[in-house]
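Novice: Turn this into a model:
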Amino acid sequence: MTKEERRLWYDFLKALPVTVNRQKVIGPYIVDFCCYEARLIIELDGSQHFEPNAINADRDRDADLRDLGFTVLRYSNAEIHKNFRGVCEDILNHINQNKGTEHMDYTKLKNCELFLFDMDGTLYLGDEVYDGARELMFDFPRMGKRYIYLTNNSSRAGEDYITRLRRLGFPCKRENVFTSGMATGMYLNQRHPGASVYLAGTKAFHRELKSYGINLVNDELGHTEADLVDVVVQGFDTELVYEKLERACHFLRRGAAFIAANPDWVCPMPADEVLPDCGSICALLTASSGKEPTYIGKPNRNMVDVISAMTGVPNEKICCVGDRLYTDIAVAQNAGAVSVLVLSGETSAEMAAAAERQPDYILPSVKELHEIIR
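Specialist: This next block holds a predicted model:
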């Protein structure tokens with residue numbers, strides 16, 4: 001485009017009756033322009049002439065984006081130069097035809113009163129806070145909606161999350177945090193009152209269960225003199241030592257019930273790294289003991305049911321937001337809540353498109369969620 005055409009192009013985008021964002025990440029791709037309200041992606045190519053492999057790559061890319069519910073309009077610079085007005089009319093007609101269609105109906109999402117947010121991979125990754133995450137959380141009071149940070153990560157206690165979230169610049173009070181560790185403490189008191197429990201978990205998880213009055217037979221390091229226990233509890237243990245695995249296996253083979261805080265296989269980390277999570281540790285224990293665990297955290301609907309009872313908000317007015325299909329989205333589907341999958345963490349666009357049960361909504365990040373509900 002010429003300099004004048006570029007100026008006219010951006011003036012045109014600003015004048016549209018919808019928001020068009022530049023350089024958005026959709027799954028594994030960075031797209032030129034994206035309009036969520038009309039599920040439209042606009043790609044500007046530098047030339048009319050392409051190598052055959054480039055054409056095939058564009059076709060594969062466009063097919064992936066279509067699987068996520070987008071329409072891709074692709075224009076060359078030469079086409080814009082030759083028929084600028086026609087290109088603009090084409091885009092506007094598409095927006096007018098698609099804005100407000102069934103797959104763009106955000107009514108159910110906008111009507112939600114309580115939002116349950118996963119943290120790792122959804123709001124931040126390590127100490128890197130995602131763009132727009134803080135702004136969204138601070139805007140909830142103005143929107144007249146409530147929020148809870150809901151995590152399957154039992155390696156930290158609830159109080160630890162309050163400290164961490166505040167350090168990262170998020171608003172957070174005690175009532176804004178609910179962890180799989182807290183849910184495990186409640187479950188043990190309801191289903192195994194007074195039971196002797198061996199915990200294979202972090203010092204923070206040990207303190208969390210102690211705060212619920214759980215009868216733990218081991219100290220914070222996993223040492224115990226007990227030979228038999230009623231229950232073995234496994235958490236996301238970032239302080240794991242072989243003694244804990246040996247003791248857990250010993251107790252499970254002698255009849256102890258097997259309870260696990262969460263089923264996640266990995267915990268996402270910066271630089272595309274992961275940590276083995278609770279589900280991976282449980283797989284080892286199942287292979288060596290023959291026992292399958294009862295998982296407490298997401299996707300167990302109990303997490304949402306307990307929060308609904310505590311807050312008075314019915315499940316259908318609760319929205320679960322997260323980056324994992326098998327936990328964050330599954331818990332919403334199991335509990336009859338609204339689900340929003342963000343593509344900022346574990347789940348790629350390809351994985352989302354291949355999912356047997358589709359989330360209610362798929363967005364690149366929580367920033368787009370804010371744009372929709374505010």
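Novice: Thr286 against Pro293, yeah?
Specialist: Yes. Here Thr286 lies in contact with Pro293, judged by C-beta atoms under 8 Å, at a distance of 7.2 Å. All C-beta atoms are positioned from the backbone trio N, CA, C, and that covers glycine.
Novice: Of the two, which one has the most company?
Specialist: In this view Thr286 and Pro293 are compared by other C-beta atoms under 10 Å, and Pro293 has more residues nearby, 22 against 15.
Novice: Report the separation between Ala283 and Cys249.
Specialist: Ala283 sits 13 Å away from Cys249, going by C-beta to C-beta, to the nearest Å.
Novice: neighbour-wise, which of these two wins?
Specialist: More crowded of Ala283 and Cys249, by other C-beta under 10 Å: Cys249, with 19 against 15.
Novice: In which helix or strand does the more buried one reside?
Specialist: helix 242-252 (DSSP states H and E).
Novice: who touches the helix or strand following that helix?
Specialist: Going down the chain from helix 242-252, the next helix or strand is strand 257-260, by DSSP H and E. With C-beta atoms under 8 Å, 6 or more residues apart in numbering as the contact definition, strand 257-260 has outside contacts at 184, 187-188, 192, 195, 230-235, 252, 278-279, 282, 285, 289, 291-296.
Novice: Kindly report the same for stretch 4-19.
Specialist: So stretch 4-19 is contacted by 1, 20, 33, 35-38, 80-81, 84, 88, 91-92, 95, 99, 371 (C-beta under 8 Å, 6+ apart).
Novice: Which ones among those residues map onto strands?
Specialist: Counted as lying in strands by DSSP state E, out of the contacts of stretch 4-19, are 33, 35.
Novice: from the contacts of stretch 4-19, which two are the most distant?
Specialist: His81 and Glu371 (31.7 Å; C-beta to C-beta).
Novice: higher neighbour count, the two?
Specialist: Neighbours were counted for His81 and for Glu371 using other C-beta under 10 Å; Glu371 has more, 15 against 12.
Novice: Near Phe117, how many other residues are there?
Specialist: For Phe117, using other C-beta under 10 Å, the count is 25.
Novice: what's the answer for Asp11, then?
Specialist: Residues near Asp11, counting by other C-beta under 10 Å: 9.
Novice: go on, the one 3 residues further on?
Specialist: Lys14 is flanked by 9 other residues according to other C-beta under 10 Å.
Novice: returning to that earlier point: can I get the helix holding Cys249 in CSV, CA atoms only?
Specialist: Only the C-alpha atoms of helix 242-252 are listed here, as CSV (Å, rounded to 0.1, in the frame of the first residue of the first chain):
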residue,chain,number,x,y,z
TYR,A,242,11.8,-40.8,46.8
GLU,A,243,10.9,-41.5,50.4
LYS,A,244,7.4,-40.1,49.8
LEU,A,245,6.9,-42.3,46.8
GLU,A,246,8.1,-45.4,48.7
ARG,A,247,5.8,-44.7,51.7
ALA,A,248,2.8,-43.9,49.5
CYS,A,249,3.2,-47.1,47.5
HIS,A,250,3.6,-49.0,50.8
PHE,A,251,0.4,-47.7,52.2
LEU,A,252,-1.6,-48.1,49.0
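Novice: show me where pLDDT drops low in the stretch 1-150 of the chain?
Specialist: 1, 17, 27, 46-57, 97-104 (pLDDT under 70).
Novice: can you give me the helices for it?
Specialist: 3-15, 52-67, 77-82, 84-98, 107-110, 133-143 (DSSP state H, counting those that start in this stretch).
Novice: Now do the fourth one: everything it contacts.
Specialist: When contacts are taken as C-beta under 8 Å, 6+ apart, the neighbours of helix 84-98 outside the stretch itself are 5, 8-9, 12, 16-18, 35, 37-40, 42, 71, 73, 75, 79-80, 104.
Novice: hmm, try it at 6 Å
Specialist: 12, 18, 38, 75, 80 (C-beta atoms under 6 Å, 6 or more residues apart in numbering).
Novice: One more: stretch 158-167?
Specialist: By C-beta under 6 Å, 6+ apart, stretch 158-167 touches 172, 177, 179, 182, 204.
Novice: please redo it, this time with the cut-off set to 8 Å
Specialist: 119, 149, 151, 156, 172-174, 176-179, 181-182, 204, 208.
Novice: First-to-last residue distance for stretch 9-25?
Specialist: 21 Å (C-alpha to C-alpha, to the nearest Å).
Novice: tell me which residues of the helix or strand containing Ala283 are tucked away?
Specialist: Using DSSP H and E, Ala283 falls within helix 278-289. Residues of helix 278-289 classed as buried: 278-282, 285, 289 (neighbour count, 16 or more other C-beta atoms under 10 Å).
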